[in-house]
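Peer 1: take this sequence and fold it.
(one chain, ligands or ions: 1)
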Amino acid sequence: MRFLLPLFTLVATLSAYDFALKPKRITPEVTCFFGEPEVMNTTNNGNMVNTCYIDTKKSYVVIDSGSSYAYAASAYNAMQKIKPWPVELVINTHVHDDHWLGNGFFAQKGVKVLGSDDFIHNASIDSPSRIQTHISPQAYALTVPTLPSEMIASDKTLKIGNKTLELHIMKQQAHSEKDMVVYVPQAKVLFAGDLVFNDRVPSLAGGNINGWISALELLKTYGATTIIGGHGYRTDKEAMIMTREYLIQMRSEVRSAIDEGLSIDETINKVTMPSFKSLRMMKSLHRANVETAYRTLEWEEK
Ligand SMILES: [Zn+2]
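Peer 2: All right, here's what the predicted structure looks like:
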């Protein structure tokens, strides 16, 4: 019997859906996988999120494990072809499931997974998961929603190999209830999670527009020269501009609408922000974002 389990694991691993993910080297120490700037569907099968590997000269640290077991396996296998080093730690930036449903792949290897304590309150391990209902069963196969093995409530600095990693937890609800970013000061690289979107409309669902804008102001002070968001391809020092301009314009227009006494429906119809019209996912997300912003801003003291 003893040989059957490894054999089963091997067969199961080999039969998992292959995303054939393509690694992209961003800096000498950072390699990432960039997902499509679109909603999860049966074409991208959850490859619509960004995940990264940090080279510590003896191991890898993974930023977000991706949307499924098979996704995590595909990224891992691609990295093993570059340097066959072990993964020492996985960090989950926030509770949205496209960023951490790959945890089970790493947990099976005994890798520690670290996230904020928001996972205790706001991560859903219910079945079916959001991702599961949107991607193909083959792509989701072997995925077991697995929470971080360590959940932290406050900032933490780690030294792993030749790298120092600063883990910063935002003090207020921003994109999610508790967003964590990872900063590597030696390389001036910031992993901003979903506080930074590019090439598509950000999602404000479950977020707070004021907290998000404040969080971006804070991130600006880090002096990062490379900024990698949770979605989208841009990674230079200005990579947070699009998200910031979108949120600032929305806040200004929604505040004006509230001051004019417009209802939520009137505001949604008015705040169309045509200068962002060509941005992907504008049709599917923008109206919901305006509604979320309105529900936050209508309570502001005048
Ligand atoms: Zn998110």
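Peer 1: when you work out contacts or count neighbours from here on, use the C-alpha atoms and nothing else.
Peer 2: Fine.
Peer 1: what residue in the stretch 1-150 of the chain comes nearest to the ion?
Peer 2: Per C-alpha to the ion, His96 is where the stretch 1-150 of the chain lies closest to the ion, at 4.9 Å.
Peer 1: please name every helix or strand in contact with the host helix or strand of Thr292.
Peer 2: Using DSSP states H and E, Thr292 sits within helix 282-297. The contact analysis (3 or more C-alpha pairs under 8 Å, 6 or more residues apart in numbering; DSSP states H and E) places helix 282-297 against helix 241-259, helix 264-270.
Peer 1: got the angle for the first one vs helix 282-297?
Peer 2: What it means is helix 241-259. Inter-element angle recorded for helix 241-259 and helix 282-297: 60 degrees (by axes from the mean of the first three to the mean of the last three C-alpha atoms, to 10 degrees).
Peer 1: what sits up against helix 241-259?
Peer 2: Here helix 241-259 makes contact (C-alpha atoms under 8 Å, 6 or more residues apart in numbering) with 195-198, 201-202, 209, 213, 216, 267, 271, 273, 276, 290, 293-294, 297-298.
Peer 1: which of the three states applies to the closest residue to Pro148 other than its chain neighbours?
Peer 2: With sequence-adjacent residues excluded and distances taken as C-alpha to C-alpha, 6 or more residues apart in numbering, Pro148 is closest to Val113, at 4.7 Å. Under the three-state scheme (DSSP: H, G, I helix; E, B strand; the rest coil), Val113 adopts strand.
Peer 1: identify the bridge partners of Val113.
Peer 2: Beta-bridge pairing for Val113 (DSSP bridges): Val90.
Peer 1: doesn't Asn103 make contact with it?
Peer 2: Yes - applying C-alpha atoms under 8 Å, one finds Val113 in contact with Asn103, separated by 7.2 Å.
Peer 1: then stretch 43-55 to PDB, C-alphas only?
Peer 2: Output in PDB follows, covering the C-alpha atoms of stretch 43-55 (Å, rounded to 0.1, in the frame of the first residue of the first chain):
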ATOM      1  CA  THR A  43     -10.800  30.600 -21.600                       C
ATOM      2  CA  ASN A  44      -8.200  32.000 -19.200                       C
ATOM      3  CA  ASN A  45      -9.200  29.400 -16.600                       C
ATOM      4  CA  GLY A  46      -8.100  31.700 -13.800                       C
ATOM      5  CA  ASN A  47      -4.900  32.900 -15.400                       C
ATOM      6  CA  MET A  48      -6.000  36.500 -14.900                       C
ATOM      7  CA  VAL A  49      -3.900  37.300 -11.800                       C
ATOM      8  CA  ASN A  50      -0.200  38.200 -11.300                       C
ATOM      9  CA  THR A  51       2.100  36.100  -9.200                       C
ATOM     10  CA  CYS A  52       5.800  36.400  -8.600                       C
ATOM     11  CA  TYR A  53       8.900  34.600  -7.500                       C
ATOM     12  CA  ILE A  54      11.700  36.400  -5.500                       C
ATOM     13  CA  ASP A  55      15.100  34.900  -5.800                       C
END
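Peer 1: list the buried ones in that stretch?
Peer 2: For stretch 43-55, a neighbour-count test (16 or more other C-alpha atoms under 10 Å) marks Asn44, Asn45, Gly46, Asn47, Met48, Val49, Asn50, Thr51, Cys52, Tyr53, Ile54, Asp55 as buried.
Peer 1: repeat that for stretch 158-169.
Peer 2: Neighbour-count burial for stretch 158-169 flags Ile160, Lys163, Thr164, Leu165, Glu166, Leu167, His168, Ile169 (criterion: 16+ other C-alpha under 10 Å).
Peer 1: starting at the chain centroid, how far to it?
Peer 2: Mean-position distance between stretch 158-169 and its chain equals 18 Å (C-alpha atoms, centre = their mean, to the nearest Å).
Peer 1: over to stretch 98-108?
Peer 2: Averaged C-alpha coordinates place stretch 98-108 at 13 Å from its chain's average position (C-alpha atoms, centre = their mean).
Peer 1: what comes up buried for that stretch?
Peer 2: By neighbour count with 16+ other C-alpha under 10 Å, stretch 98-108 contains the buried residues Asp98, His99, Trp100, Leu101, Gly102, Asn103, Gly104, Phe105, Phe106, Ala107.
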